[in-house]
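# what follows is a predicted structure for the sequence shown.
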Amino acid sequence: MPEGVAYVEQDSVVRTLAVTQSGAPWGLGRISHREKGSTDYVYDESAGQGTCSYVIDTGIFTGHPDFGGRATFLKNFAGDNLDADGNGHGTHVAGTIGSNTYGVAKKTSLFAVKVLNSNGTGENSGVLAGISFAAQDAKDRESKGECTKGSVGNLSLGGIFSTATMEAVRAAVNAGLFLAVAAGNSGLPDILFSPANEKSACTVGATDKDDKMASFSNFGALVDVLAPGVDIKSTWNDGNTNTISGTSMATPHVAGLGAYLLGLEQRRDPAALCKRIQDLSTKNKISNPGLFTVNYIAFNGVSA
């Protein structure tokens, strides 16, 4: 062995761990490219593995084949005695977070915490109970060796200004649960609606395929990031799919991205995770972001 040479090893090829899903929904293409127009979803193969995602909504049709057995119904706070998704909204949200075809974090575990009935409505007391339950369940699971990379929650719902809702969200976040929340669909300032107006949450506004702010999206200084929310295709409670619009559809892109980043990178507290999503985001592409609203489109950091 020549002097100064410790060992000899055959050269090898190093490959990226990125996976490309061709023909993906436009929203997945948008969050994995710096420019609009792609229908390829490029993501790291870790795909949120080791994380848990709480869908605080109308429930989840857990038997949908696109969930691959990763969806579980946990608890019903809607008061309707139907431990299933009688509406479809929650199943759609769950699909964008983590289904095999339509999901951002394709290996996350999905948990339904039902707080809205088949009409998509529910008592605020049920919503508060559901938020608290999700935060505690996440802590319990992590203590048992589940959700080892961390947990996220999704709140694609809202109502009028509510101090109680804000406090419930703040308590959950302080307990360590990242919460992505919908800005709302009234085309009005975010400060008027809860939980969108809770600063500790990661509040999400909606954009369309043309990189324009959705006409219905609420806006303002409390919006943390924007994400695709118009004509979003995802899973539905009849076992098929549906294409719908709303900040409810934008928010699970960010919840899924939170789970994805927790699985890929180090554990972060909720505030740091929302900041990481902002730092990664594609800047200054939205032509009409709204008064005092960030010009940040959610981006997963994999593809340029």
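Alright, I've got the coordinates. Residues are numbered from 1 along each chain as shown.
# from here on, contacts and neighbour counts on C-alpha atoms
Fine.
# leaving out the residues flanking it, which one is nearest to the residue most central in space within the chain?
The residue lying closest to the centre of the chain (C-alpha atoms, centre = their mean) is residue 255, at 1.8 Å. Sequence neighbours aside, residue 180 is the residue nearest to residue 255 in space, at 5.4 Å (criterion: C-alpha to C-alpha, 6 or more residues apart in numbering).
# quick one: pLDDT of that neighbour?
The model reports residue 180 with a pLDDT of 99.
# next up, the contacts around it.
Contact analysis of residue 180 by C-alpha atoms under 8 Å, 6 or more residues apart in numbering lists 152, 153, 154, 155, 201, 202, 203, 204, 251, 252, 254, 255.
# in what helix or strand does the closest residue to the fourth one other than its chain neighbours lie?
For residue 155, the nearest residue in space outside its immediate sequence neighbours is residue 181; the separation is 4.7 Å by C-alpha to C-alpha, 6+ apart. Secondary structure assigned from DSSP states H and E places residue 181 in strand 178-182.
# now that strand - C-alpha only, CSV.
Provided in CSV are the C-alpha atoms of strand 178-182 (Å, rounded to 0.1, in the frame of the first residue of the first chain):
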residue,chain,number,x,y,z
PHE,A,178,-48.2,20.9,14.4
LEU,A,179,-51.6,22.1,13.2
ALA,A,180,-52.2,23.2,9.6
VAL,A,181,-55.4,25.3,9.5
ALA,A,182,-57.5,26.6,6.7
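# helix or strand next in line after it, which one?
strand 193-194.
# mind listing what that following strand pairs with, with the direction of each?
Under the criterion DSSP bridges, strand 193-194 sits next to strand 159-160 (antiparallel) in its sheet.
# so which bits of the following helix or strand past the strand it pairs with are buried?
Downstream of strand 159-160, the next assigned helix or strand under DSSP H and E is helix 163-174. Residues of helix 163-174 classed as buried: 165, 166, 168, 169, 170, 171, 172, 173 (neighbour count, 16 or more other C-alpha atoms under 10 Å).
# check contacts around the residue nearest to residue 155.
Contacts for residue 181 were tallied using C-alpha under 8 Å, 6+ apart; they are 154, 155, 156, 157, 195, 196, 201, 202, 203, 204, 251.
# using CSV, lay out those residues together with pLDDT, secondary structure and distance to residue 48.
Formatted as CSV, those follow (pLDDT from 0 to 100; DSSP: H, G, I helix; E, B strand; the rest coil; distance: C-alpha to C-alpha, whole Å):
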residue, pLDDT, secondary structure, distance to residue 48
154, 99, strand, 15
155, 99, strand, 19
156, 99, coil, 20
157, 98, coil, 24
195, 98, coil, 25
196, 98, coil, 25
201, 99, coil, 20
202, 99, strand, 18
203, 99, strand, 21
204, 99, strand, 20
251, 99, helix, 17
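# can you lay out those as CSV showing distance to residue 123?
Listed next are the contacts of residue 181 as CSV, based on distance: C-alpha to C-alpha, whole Å:
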residue, distance to residue 123
154, 18
155, 14
156, 15
157, 12
195, 14
196, 17
201, 21
202, 23
203, 21
204, 23
251, 21
